[in-house]
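Participant: Give me a 3D structure for the following:
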Amino acid sequence: MGCGAGRSYTKKDIETHINKCQTRLPSAELAEDGTIKLTSKNGFFNASSLLNSQWLQGKLSNNEYRQAIEHINQRIGQSVVGSPKNLSIDQTPKSHSAKLAVEELNEKYRGRVHFLYRNDDQENGMSTSESILYINFK
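Facilitator: Below you'll find the model as predicted:
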C-alpha cells in the first residue's frame with residue numbers, strides 16, 4: 001500500500017493546501033474587452049490577485065471580488081474533503097464543484113457580473129492542470 005492509504009483529506013488539509021498555494025497562483029489578468037481572467041494550475045484560484053480595483057468597473061467591491069473567488073475555492077475544497085490521500089489534491093476532480101460555485105455566484109450577482117468557468121477535463125474526469133475563470137461585467 002502507498003503512503004496515506006486508507007486515509008482521506010480533511011477540511012483542515014484542504015484549507016492548509018489552499019493557503020499554501022495562494023502565493024504561487026497566477027495573478028488576475030485584464031483582457032482588452034474588460035474581462036478579468038484568472039488561471040489556476042491546480043484547481044484553485046488566487047483570491048488576492050486583483051492588480052487594479054478599477055478592473056471591477058464599480059460592479060463589485062474589492063471585498064466582494066475576494067469573497068467570490070474564495071467561495072469558488074471553498075466549494076472546490078469541499079469536493080476534495082473525503083477523497084483518498086493516495087491521490088494528490090491536484091489530481092482530484094474539481095470542475096463540477098467549480099461550475100456549481102460559479103452558478104451560485106451568477107445568481108447572486110445577476111445583472112451586474114457574469115462568471116464563466118472553463119476546464120478541459122479529460123474523459124475520465126481527472127482534473128487537468130489548468131482551469132480558467134472569466135469575470136465579465138454587464
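
Participant: Which strands or helices does the longest helix along the chain pack on?
Facilitator: Using DSSP state H, we find that the single longest helix of the chain is helix 62-80. The helices and strands touching helix 62-80, judged by 3 or more CB pairs under 8 Å, 6 or more residues apart in numbering; DSSP states H and E, are helix 11-21, helix 95-108, strand 131-137. In this view, the C-beta of every residue, glycine as well, is placed from N, C-alpha and C.

Participant: tilt between that helix and strand 131-137?
Facilitator: 150 degrees (axes from the mean of the first three to the mean of the last three CA atoms, to 10 degrees).

Participant: Tell me what angle helix 62-80 forms with helix 11-21.
Facilitator: Interaxial angle of helix 62-80 relative to helix 11-21 (the same axes, to 10 degrees): 130 degrees.

Participant: what separates helix 62-80 from the chain centre, distance-wise?
Facilitator: The chain centroid and the centroid of helix 62-80 are separated by 6 Å under CA atoms, centre = their mean, to the nearest Å.
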